[in-house]
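Engineer: pasting the sequence and the predicted model now:
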Amino acid sequence: MAARLAEGFLDLLFPPRCGVCGAYGSPFCSGCRALIEPPPPVTAPAQLAGVVAAGAHGGPLREAVLRLKFGARLSLAEPLGTLLAETLAAHRDDWQPDVVVPVPIHWTRQLRRGFNQSDLLAACAAKRLAIPIARLVVRTRPTPPQVGQSAAQRAVNVRGAFAVHGRIPYRRVLLVDDVYTTGATLVACATTLRAAGAERVNAVTVTAEPRGTVGV
């Protein structure tokens with residue numbers, strides 16, 4: 001009770017502001033949320049049973065992802081993770097995930113950045129969906145940023161960059177990442193998970209880019 005009172009008092013003194021436009025009220029305001037564009041069609045690669053995104057990689061949603069990822073606006077993780085949970089609600093009965101797994105970054109990058117944005121998003125989505133989260137996949141080597149690379153280059157960049165230690169006790173896995181561009185990273189993770197015993201791997205991202213474009 002005391003903690004809640006203290007939190008409420010701090011909110012009065014320092015009300016939350018939108019991490020994108022700066023408006024008072026919430027970390028991702030209703031005005032910015034209203035500008036989210038529907039995601040482009042995403043055709044799931046063979047290694048993935050299905051892929052969905054909360055919105056297109058543009059406007060305030062793109063800005064929110066970038067500010068979380070590169071600007072350390074950690075307050076955006078919860079509203080974006082909530083968007084993921086809401087997006088998944090329409091697919092949950094079909095996908096029936098047993099576990100939520102965030103796409104990992106290499107430990108050296110996480111040490112520099114201080115966090116893994118996909119981990120933060122996955123934790124929030126898993127909590128809202130009441131599905132366990134497990135950090136099953138590790139990145140075994142640092143890879144160059146995917147920005148500016150072609151689809152073929154991206155695939156080569158992450159090939160063999162992930163591992164799962166031993167067999168996993170889950171049949172249906174849900175991968176979480178921030179952006180879907182070519183799907184190379186998700187495919188590499190899904191391939192590793194399936195080799196470790198997963199029967200089906202689905203994926204959800206905050207944004208998706210139009211097919212053939214290269215972004216973050």
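Structural biologist: Noted; the coordinates are in hand.
Engineer: burial count for the residue nearest to residue 114 when sequence neighbours are not counted?
Structural biologist: Excluding the flanking residues, the one nearest residue 114 by C-beta to C-beta, 6 or more residues apart in numbering is residue 72, at 6.8 Å. Backbone N, C-alpha and C define where each C-beta goes, glycine included. The local packing of residue 72 (other C-beta atoms under 10 Å) involves 13 other residues.
Engineer: residue ranges with poor pLDDT in this protein?
Structural biologist: Within the chain, the stretches with pLDDT under 70 are 1-14, 144-157, 211-216.
Engineer: show me where it has its strands.
Structural biologist: Taking DSSP state E as the criterion, the chain carries its strands at 50-56, 99-102, 137-139, 162-164, 172-180, 200-208.
Engineer: circling back to that earlier point, list the contacts of the residue nearest to residue 114.
Structural biologist: Residue 72 sits next to 113-115 when contact means C-beta atoms under 8 Å, 6 or more residues apart in numbering.
Engineer: quick one: residue 209 and residue 183 touch, right?
Structural biologist: No: taking C-beta atoms under 8 Å as the definition, residue 209 is not a contact partner of residue 183, at 10.3 Å.
Engineer: follow-up on the earlier one: from the contacts of residue 72, list the buried ones, please.
Structural biologist: The neighbour count (16 or more other C-beta atoms under 10 Å) marks nothing among the contacts of residue 72 as buried.
Engineer: if we take these, which one ends up nearest to residue 176?
Structural biologist: Lowest distance from residue 176 to the contacts of residue 72 (C-beta to C-beta) belongs to residue 115, with 14.2 Å.
Engineer: please tell me how far the closest residue to the closest one other than its chain neighbours sits from residue 33.
Structural biologist: Among residues not flanking residue 115 along the chain, residue 74 sits closest, at 6.8 Å (C-beta to C-beta, 6+ apart). As for residue 74, its distance to residue 33 is 18 Å (criterion: C-beta to C-beta, to the nearest Å).
Engineer: follow-up on the earlier one: using a markdown table, lay out the strands of the chain together with mean neighbour count and distance to residue 194.
Structural biologist: Shown next, in a markdown table, are the strands of the chain (neighbours: other C-beta atoms under 10 Å; distance: least, C-beta to C-beta, whole Å):
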| stretch | mean neighbour count | distance to residue 194 |
| --- | --- | --- |
| strand 50-56 | 21 | 14 |
| strand 99-102 | 26 | 12 |
| strand 137-139 | 20 | 12 |
| strand 162-164 | 18 | 10 |
| strand 172-180 | 24 | 9 |
| strand 200-208 | 26 | 6 |
